[in-house]
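Trainee: Test case, fold it:
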Amino acid sequence: MSEMTCPKCHAAMRSYERNGVHIDQCTDCRGIFLDRGELEHLIAAESTWSAAPAAPATPPPPRSDSRGYESYDTRGYASYDSKPKYPKRKKSFLEELFD
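Mentor: Alright, predicted model coming up:
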């Protein structure tokens with residue numbers, strides 16, 4: 001099989017398969033090219049990926065504070081080692097496909 005050339009910039013292209021989808025990518029302009037039917041396959045995979053329920057976050061177990069003095073949390077100070085206020089967004093199927 002001869003090497004494929006990019007229809008946009010005429011550079012060499014590489015082919016690979018991710019999650020059952022055949023992808024051709026230009027090594028120069030980084031363009032993505034799909035075979036017939038692959039876009040429909042990607043759309044179906046994305047819809048099943050986004051429809052999957054996320055695992056519920058479980059709260060951490062309560063701490064027992066037996067030090068005998070008031071903790072910073074009860075005095076209204078922010079904890080510097082606490083987790084961020086908003087959880088990190090889950091990557092979509094397409095973001096993970098091209099990682």
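Trainee: Output the lowest mean pLDDT helix or strand found in this structure.
Mentor: helix 93-97 (a mean of 71; mean pLDDT, DSSP states H and E).
Trainee: hey, where'd the strands end up in the protein?
Mentor: 13-18, 21-26, 32-34 (DSSP state E).
Trainee: out of the ones you listed, nearest to Pro59?
Mentor: strand 13-18 (35.8 Å; CB to CB). The C-beta positions use only the backbone N, C-alpha and C, and glycine is treated the same way.
Trainee: rewinding a little: buried deepest among the strands of the chain, which one?
Mentor: Most buried of the strands of the chain, by mean neighbour count (mean count of other CB atoms under 10 Å): strand 21-26, with a mean of 17.
Trainee: With only the CA atoms kept, save it in PDB.
Mentor: Provided in PDB are the C-alpha atoms of strand 21-26 (Å, rounded to 0.1, in the frame of the first residue of the first chain):
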ATOM      1  CA  VAL A  21     -12.300   4.200  14.500                       C
ATOM      2  CA  HIS A  22      -9.800   4.400  11.700                       C
ATOM      3  CA  ILE A  23      -8.200   7.800  11.600                       C
ATOM      4  CA  ASP A  24      -5.800   9.300   9.000                       C
ATOM      5  CA  GLN A  25      -3.800  12.300  10.300                       C
ATOM      6  CA  CYS A  26      -1.500  14.600   8.400                       C
END
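Trainee: now the angle from it to strand 13-18?
Mentor: 150 degrees (axes from the mean of the first three to the mean of the last three CA atoms, to 10 degrees).
Trainee: so what secondary structure elements neighbour the lengthiest helix in the chain?
Mentor: Once the chain is assigned using DSSP state H, the helix that runs over the most residues is helix 38-51. Contact analysis of helix 38-51 by 3 or more CB pairs under 8 Å, 6 or more residues apart in numbering; DSSP states H and E lists strand 21-26, helix 93-97 as its packing neighbours.
Trainee: tell me the mean pLDDT for it?
Mentor: Mean pLDDT, computed over helix 38-51, is 82.
Trainee: quick one: contacts of it?
Mentor: By CB atoms under 8 Å, 6 or more residues apart in numbering, the residues outside helix 38-51 that reach it are Asn19, Gly20, Val21, His22, Ile23, Leu34, Ser92, Phe93, Leu94, Leu97.
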